[in-house]
Every structure is written in C-alpha cells, then in structure tokens.
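[1] Sequence and predicted structure, then a few things I'm wondering about:
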Amino acid sequence: MKIAILARNAHLYSHKRLIEAAKKRGHSIRVINPLHCYMNISPHKPEVHYRGGEILSGLDAIIPRIGASVTFYATAVLRQFEMMGVYPLNESVAIARSRDKLRSLQILSRKGISMPTTGFAHSPHDTDDLIKMVGGAPLVVKLLEGTQGIGVVLAETGQAAESVISAFKGLKANILVQEFVKEAGGADIRCFVIGNKCVAAMKRQAKSGEFRANLHRGGRATLIKVTPEMRKLAVRATKILGLNVAGVDILPSKNGPMIIEVNSSPGLEGIENATGKDIAGMIIDFIEKNAMPGKTKSRGKG
Ligand code: ADP
Ligand code: MG
C-alpha cells in the first residue's frame with residue numbers, strides 16, 4: 001500500500017515507529033507536512049498539491065497525526081484527501097469533534113458515558129453559579145483545546161476559581177469548569193483503542209505536587225491490567241466520537257471510571273515503553289484490514 005503520515009515532524013518517536021512498522025510490512029510510507037499542502041476544491045478532480053507543485057495522488061491511506069495548533073488547516077487537508085477517496089485512519093470530522101473538549105463531552109454525555117460534572121458559560125456574571133454547579137472548589141479549569149496538560153488548572157479555593165476563570169475570560173479563552181476528582185490522587189488511566197479493542201493500557205501517575213498525570217508534565221507510566229468495564233468504556237467513547245484509533249483518558253473515581261478526554265493522535269512512546277507492545281504494528285495491521293478506496297466515513301455522531 002501507499003501510506004502517508006500527515007504530520008509536521010517526521011522525527012517524533014510515534015512517526016518513526018509507524019514508518020518502521022509500515023516498511024516492515026512492505027508498504028511505501030512517507031511523511032507529508034499538512035502546512036505544505038494546498039488544494040483545489042473542484043467537484044470533478046479534487047487535488048492536493050505539495051511544496052510547489054507535486055501532485056499527491058495514488059495514496060491508499062492517511063495516518064493523521066495532527067498537532068493541536070494546526071487542527072483547522074490540517075483537518076481541511078485531510079478532508080480533501082477524503083474527498084479524493086483516500087482512507088483516513090481517523091476521519092477529519094471525528095478529529096475535530098475530539099479536539100474540542102466541550103463538544104466531545106456533550107456528545108459522550110448524550111450517550112450516557114460517565115464523566116466529571118462539567119460546566120460551561122459565556123457571561124462572567126454567571127461565574128458564581130457555574131462554580132456551584134460543579135460542586136464548588138476545588139475544581140479544574142480547562143482550555144477547550146488544550147493538550148499535554150497545558151491549559152489544565154486546579155483551583156483549590158472558591159476565590160482562586162473565580163480569579164482563574166476571570167483571567168481566562170479576560171483573555172477571551174474558551175474554558176470549561178470541571179469537578180475535581182480528588183480520589184484519583186494524581187493518577188489516570190490511558191487506554192489505547194484500535195478498532196473495537198482496547199489493545200493496551202497504562203497508569204500514569206503525576207509527579208509529586210502535581211495533579212496532572214500527563215507524561216509531558218513529568219507523569220510516570222506503569223503497566224496495569226484494566227477492568228473489562230474500563231475497556232468497554234474506552235471502546236464505546238472512541239466509537240461514539242467516530243474514531244478508529246484513540247488514546248482515552250480515564251479517571252478512577254468513587255463513582256466508577258470516568259472519561260475525561262479522547263485523544264485522536266495519541267503518542268506511542270509512553271504506551272509502547274510501558275507495555276512492551278508493538279502498537280505501531282497493530283495500527284498498520286488495522287489499516288491493512290480496513291483501508292479500501294472510497295471508504296472514508298466512520299459512524300460517529302454530532
Ligand atoms: P489534556 O488534553 O491537556 O491532557 P486532560 O483533560 O486530559 O487534558 O487533563 C490533563 C490531566 O489532568 C489528566 O490526565 C488528569 O491527570 C488531570 N485531570 C484532568 N481533569 C481532571 C479532573 N476533573 N479531576 C482530577 N484530575 C483531572
Ligand atoms: Mg489528556
């Protein structure tokens with residue numbers, strides 16, 4: 001097959017591993033920087049051109065590895081490939097859904113997926129009631145499009161919550177306010193889902209004095225065996241958002257496991273190292289089984 005990774009940096013661990021796994025299986029694979037793609041939106045002959053003229057054609061599958069800062073442009077490029085009938089490992093619309101923490105939590109809540117109580121408001125006059133709505137301080141404030149723990153803040157008192165919320169609002173940032181799940185103790189569970197299966201999972205523990213378990217924030221990954229309930233939850237959330245591959249973040253809570261987010265470009269380094277599994281190989285296997293010309297739609301909603 002002819003596969004392209006839509007990514008800006010060919011040298012990241014995840015991308016190197018995907019290239020290695022694809023080559024090992026005899027596929028041709030290259031990295032395409034979405035920011036160097038441009039396109040003509042024509043009903044008869046949609047095209048993507050690359051870096052001053054090369055026409056990108058004949059691709060069988062695209063592995064989108066879209067960084068948060070270029071979501072808008074890169075999903076437009078991916079959509080163009082979908083118009084041309086190229087199989088996307090994750091569909092553009094599903095990536096856009098999962099990138100927005102508010103949109104994805106609304107879609108998941110409609111399907112009864114458990115999550116921490118979450119609030120969203122526009123007017124600064126409603127901050128007091130918004131804080132009450134999620135059970136008061138301590139609470140978590142999140143940027144709608146943050147990743148790697150950046151833009152996730154713990155406000156320990158009501159006063160801190162008010163200041164943080166008004167500071168973000170002053171910057172015109174879109175935020176959501178969320179119940180703080182204290183009993184998680186700075187740990188979360190990252191489930192790696194491919195297709196209908198949770199193929200690997202790790203526990204991430206935040207470094208001391210920190211509540212965010214992200215590996216980019218110094219969290220440590222260890223191997224754990226997740227319960228069938230958690231596996232099912234991770235696969236369901238992935239399906240509901242219309243993704244094929246996702247890293248699902250789950251918090252253990254006194255009311256059972258709760259979803260906090262579904263990542264459409266989950267990193268491979270932490271999970272491969274923690275579990276010793278060949279996740280990159282499993283992703284390429286999945287593409288081999290599922291990529292078909294013209295098959296560009298998944299079944300997510302919203
Ligand atoms: P990001 O997209 O930046 O990873 P997350 O919503 O996954 O944002 O939050 C980052 C980390 O912060 C999580 O992995 C978890 O450890 C911690 N966290 C997030 N939300 C909560 C919450 N409501 N209660 C307790 N810890 C949380
Ligand atoms: Mg996360």
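    Nice, I can see it. Ligands and ions are numbered 1, 2, ... in the order given.
[2] burial count for residue 53?
    Residues lying near residue 53 (other CB atoms under 10 Å) number 6. The C-beta positions use only the backbone N, C-alpha and C, and glycine is treated the same way.
[3] ok, it to residue 47 distance?
    Applying CB to CB, to the nearest Å, one obtains 11 Å for the distance of residue 53 from residue 47.
[4] Pull up the residues of the stretch 51-200 of the chain that are close to ligand 1.
    116, 140, 142, 146-149, 152, 178-181, 184, 188 (CB under 6 Å from any ligand atom).
[5] Among those, which one has the most neighbours?
    residue 188 leads those on contacts (other CB under 10 Å) with 25 neighbours.
[6] CA atoms only: put the helix or strand that residue falls within into CSV for me.
    Secondary structure from DSSP states H and E places residue 188 in strand 187-194. These are the backbone C-alpha positions of strand 187-194, laid out as CSV (Å, rounded to 0.1, in the frame of the first residue of the first chain):
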residue,chain,number,x,y,z
ALA,A,187,-3.3,9.2,38.5
ASP,A,188,-5.2,8.5,35.4
ILE,A,189,-5.5,5.5,33.0
ARG,A,190,-4.7,5.9,29.4
CYS,A,191,-6.4,3.2,27.3
PHE,A,192,-5.2,2.8,23.7
VAL,A,193,-8.0,1.8,21.4
ILE,A,194,-7.7,0.4,17.9
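[7] close to ligand 2, is that strand?
    No. Using CB under 5 Å from the ion, strand 187-194 stays clear of ligand 2, with a minimum separation of 7.5 Å.
[8] Other residues contacting the next helix or strand after that strand?
    Where DSSP H and E defines the elements, the next helix or strand beyond strand 187-194 is strand 197-205. Defining contact as CB atoms under 8 Å, 6 or more residues apart in numbering, one finds that strand 197-205 is touched by 186-193, 213-215, 219-226, 230-231, 234-235, 248, 270-271, 274-275, 277, 279, 282.
[9] helix, strand or coil for residue 39?
    strand (DSSP: H, G, I helix; E, B strand; the rest coil).
[10] Show me what it bridges to in the sheet.
    residue 48 (DSSP bridges).
[11] For the spatially most distant residue from the centre of the chain, give me phi and psi.
    Farthest-out residue of the chain from its mean C-alpha position, per CA atoms, centre = their mean: residue 44, at 32.9 Å. The phi and psi torsions at residue 44 (degrees, to the nearest 10) take the values phi -90, psi -40.
[12] That one and ligand 2: what is the separation?
    42 Å (CB to the ion, to the nearest Å).
[13] Would you mind measuring from that residue to residue 259?
    42 Å.
[14] what do you get for residue 141?
    To residue 259, residue 141 is 18 Å away according to CB to CB.
[15] Who are the contact partners of the spatially most central residue of the chain?
    Central residue check for the chain by CA atoms, centre = their mean: the C-alpha nearest the mean position is that of residue 263, 1.4 Å away. Residue 263 makes contacts with 98, 147, 246-249, as judged by CB under 8 Å, 6+ apart.
[16] In helices, which of those residues appear?
    In helices, judged by DSSP state H, the following of the contacts of residue 263 are found: residue 98.
[17] one step back: direction included, what does the strand holding residue 188 pair against?
    Here strand 187-194 is paired, per DSSP bridges, with strand 197-205 (antiparallel), strand 245-251 (antiparallel).
[18] Same list (those) but as JSON lines, adding mean neighbour count, distance to residue 135 and mean pLDDT.
    Formatted as JSON lines, the strands paired with strand 187-194 follow (neighbours: other CB atoms under 10 Å; distance: least, CB to CB, whole Å; pLDDT from 0 to 100):
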{"stretch": "strand 197-205", "mean neighbour count": "20", "distance to residue 135": "24", "mean pLDDT": "97"}
{"stretch": "strand 245-251", "mean neighbour count": "24", "distance to residue 135": "15", "mean pLDDT": "97"}
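[19] Would you mind checking the contacts of strand 197-205 for buried ones?
    186-193, 213-215, 219, 221, 224, 226, 230-231, 234-235, 248, 270-271, 274-275, 277, 279, 282 (16 or more other CB atoms under 10 Å).
[20] what's the burial count for the nearest residue to residue 218 once chain neighbours are set aside?
    Distance criterion CB to CB, 6 or more residues apart in numbering; nearest residue to residue 218, sequence neighbours excluded, is residue 207 at 4.0 Å. Number of residues near residue 207 (other CB under 10 Å) recorded here: 12.
[21] from memory residue 207 sits against residue 220, does it?
    Yes. Using CB atoms under 8 Å, residue 207 is in contact with residue 220, at 7.2 Å.
[22] ok so, going back, out of the contacts of strand 197-205, list just those in helices.
    230-231, 234-235, 270-271, 274-275, 279, 282.
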